[in-house]
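> how does the following fold in three dimensions:
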Amino acid sequence: MTKNLKWNNWLLLLAVVVLTVTPLIAKKGSEFGGADGHAEEAIKEIQPHYEPWFNSLIVLPGKEVESLLFAVQAAAGAGTIGYVIGLYKGRSEFSKNKNENSN
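Predicted structure coming up:
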């Protein structure tokens, strides 16, 4: 990879980080809700005296951080799946080319 392409990759990574972090800083205290929050509210309506079995190990500063972590998990999972598919596709093409060259 040339030096210019590496520089472009770093700039793209920086842009992704800036685009991810900027809304978190700009909108402190904003309400981003998820399925967990709605489920908790529904349970409290149905059974007001219900006590959870355990508490969270880490208390996050806001709902937007939960959304960010969920998005990061989704991106990591998608990246892993894409990597594995590409790896197997590359191996398949490599073995196909190897067999064609040996004949």
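> residue contacts, the spatially most central residue of the chain?
Nearest to the geometric centre of the chain sits residue 72, at 2.0 Å (C-alpha atoms, centre = their mean). Residues near residue 72 by C-beta atoms under 8 Å, 6 or more residues apart in numbering: none. The C-beta positions use only the backbone N, C-alpha and C, and glycine is treated the same way.
> mind listing what's buried in the host helix or strand of it?
Using DSSP states H and E, residue 72 maps to helix 63-102. For helix 63-102, a neighbour-count test (16 or more other C-beta atoms under 10 Å) marks 63-64, 66-68 as buried.
> which one in these is the model shakiest on?
For these, the minimum pLDDT belongs to residue 63; the value there is 74.
> any idea how far residue 45 is from residue 54?
Distance from residue 54 to residue 45, counting by C-beta to C-beta, to the nearest Å: 22 Å.
> these two - which one has more neighbours?
Legend: neighbour count by other C-beta atoms under 10 Å for residue 54 and residue 45, higher for residue 45 (8 against 5).
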